[in-house]
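In: Compute the structure for the input listed below.
(one chain, ligands or ions: 1)
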Amino acid sequence: MDIDDTPVLDNHLHLDPVNGRNVAAAEEFASQGGTHLLVLNKPSWHLVEKATAAETFREVFDLTVEAAAAATEVLDGRAWPVLGVHPALISKLVDDGYTPPEARDIMQTGLDVAAEYVDNGDALAMKSGRPHYDVDDAVWEASNAVMCHGFERAADVGCAIQLHTEGGEDFEAVAGWAEDRGLDRMQVVKHYSGGRLRGPVKSVLADKDELEIAVETDEPFLMETDYIDDPDRPGAVLGPKTVPRRVRWLLENGHEDAVRTAHVETPKAVYGIDTEATLQR
Ligand SMILES: [Zn+2]
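Out: Sure thing, here's the model as predicted:
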């Protein structure tokens with residue numbers, strides 16, 4: 001099997017139509033054999049001064065919806081928007097003088113707006129999580145409440161949710177919180193995951209060592225770059241060509257089943273998308 005025989009999905013990448021390379025990054029992905037993208041909105045404070053009101057979240061989300069539509073034009077497959085609130089927004093808000101409960105409410109408003117986009121068919125999935133750095137108890141508690149609100153809203157509208165969290169391999173408790181709110185753990189995806197994970201579905205950063213672990217573990221997984229499309233931070237993360245390159249490397253090493261798992265079966269199970277039916281070369 002050759003890369004031209006399979007869909008190739010990057011499960012988490014950012015496109016910035018205001019300051020970034022935007023469609024050019026999607027073209028680069030496509031030039032290496034990439035076919036499908038999940039495009040995440042950038043943290044709201046990167047694009048607009050103050051994302052606190054529902055209207056401001058809409059402004060940010062509309063940019064991502066447009067970016068995904070423009071990317072679809074240059075892909076043999078297509079792109080879908082994934083919308084939500086970056087967990088680090090809580091620290092920005094607290095620094096700006098909001099209490100943790102006030103910050104929580106603002107972020108939950110953002111998730112409500114994201115759920116509305118999914119409900120209207122304008123976005124595929126949601127994004128939430130909790131800070132990856134140390135925070136005090138009040139902020140941690142508020143962050144967990146935001147994430148659980150995300151689970152509730154995702155369950156309401158019937159979509160998956162990507163999580164940005166601290167590192168680690170045991171997120172069994174988090175998957176349990178989702179299930180308590182009516183969301184199947186197959187609809188909970190930990191973005192920026194290593195090859196081993198308990199609880200949610202892992203979206204493995206396209207690093208060879210971590211991918212080898214994921215292949216050996218033989219569980220559902222996705223692949224991502226977390227490309228940030230920020231001209232001020234070139235090389236801060238993996239570039240848009242990385243997922244197709246790693247797919248080629250997996251195929252060269254005989255891991256056809258793993259490629260099918262990450263690019264056909266897991267996307268179908270998690271998001272309900274059909275990367276084969278939506279591919280026209
Ligand atoms: Zn990201």
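In: Burial check on residue 260, number of neighbours?
Out: A count of nearby residues for residue 260, using other CB atoms under 10 Å, gives 15. Placement of C-beta: from N, CA and C, glycine included.
In: for residue 157, that is, sorry about that
Out: For residue 157, using other CB under 10 Å, the count is 16.
In: can you tell me how far it sits from residue 37?
Out: Distance, residue 157 to residue 37, by CB to CB, to the nearest Å: 21 Å.
In: Please name the nearest non-neighbouring residue to residue 17.
Out: residue 67 (4.8 Å; CB to CB, 6 or more residues apart in numbering).
In: ok, now how distant is the one you found from residue 23?
Out: With CB to CB as the criterion, residue 67 and residue 23 are 8 Å apart.
In: repeat for residue 98
Out: The value you get for residue 98 to residue 23, if CB to CB is used, is 36 Å.
In: rewinding a little: determine whether the claim that the residue nearest to residue 17 is in a strand is correct.
Out: No. Membership of residue 67 in a strand is not supported by DSSP: H, G, I helix; E, B strand; the rest coil, which gives helix.
In: Name all residues that make contact with residue 9.
Out: Residues near residue 9 by CB atoms under 8 Å, 6 or more residues apart in numbering: 34-38, 77, 222-223, 243, 262-263, 267, 275.
In: among the residues you listed, which are in strands?
Out: 36-38, 222-223 (DSSP state E).
In: Buried members of those into PyMOL, please.
Out: If you want just the buried ones from these in PyMOL, going by 16 or more other CB atoms under 10 Å, the selection is:
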select buried, resi 36+37+38+222+223
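In: would you turn the ones in strands among the contacts of residue 9 into TSV with pLDDT?
Out: TSV is the format used below for the ones in strands among the contacts of residue 9 (pLDDT from 0 to 100):
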residue	pLDDT
36	98
37	98
38	98
222	98
223	98
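In: For residue 169, state which of the ones in strands among the contacts of residue 9 is nearest.
Out: residue 222 (16.4 Å; CB to CB).
In: roughly how far apart are that closest one and residue 144?
Out: 24 Å.
In: now residue 22
Out: 34 Å.
In: okay, these two: which has more neighbours?
Out: Set residue 22 next to residue 144 and count neighbours by other CB under 10 Å: residue 22 wins out with 20 against 15.
In: these two touch, right, the more buried one and residue 68?
Out: No. If you go by CB atoms under 8 Å, residue 22 and residue 68 don't touch, sitting 10.6 Å apart.
In: between these two, what contacts are shared?
Out: Counting by CB under 8 Å, 6+ apart, the residues touching both residue 22 and residue 68 are residue 15.
In: and residue 249, what is it in contact with?
Out: Residues near residue 249 by CB under 8 Å, 6+ apart: residue 208.
In: what helix or strand is it on?
Out: Using DSSP states H and E, residue 249 sits in helix 242-252.
In: So which bits of that helix are buried?
Out: Residues of helix 242-252 classed as buried by neighbour count (16+ other CB under 10 Å): 242-248, 250-251.
In: what number of residues lie near the closest residue to residue 238 other than its chain neighbours?
Out: Computed as CB to CB, 6+ apart, the closest residue to residue 238 that is not its neighbour in sequence is residue 225, at 4.0 Å. Neighbour count for residue 225, taken as other CB under 10 Å: 25.
In: and residue 225, how far is that from residue 142?
Out: As for residue 225, its distance to residue 142 is 30 Å (criterion: CB to CB).
In: Equivalent analysis for residue 181, please.
Out: 17 Å.
In: Show me which of these two is the more surrounded one.
Out: Taking neighbours as other CB under 10 Å, residue 181 and residue 142 compare with residue 142 leading, 24 against 16.
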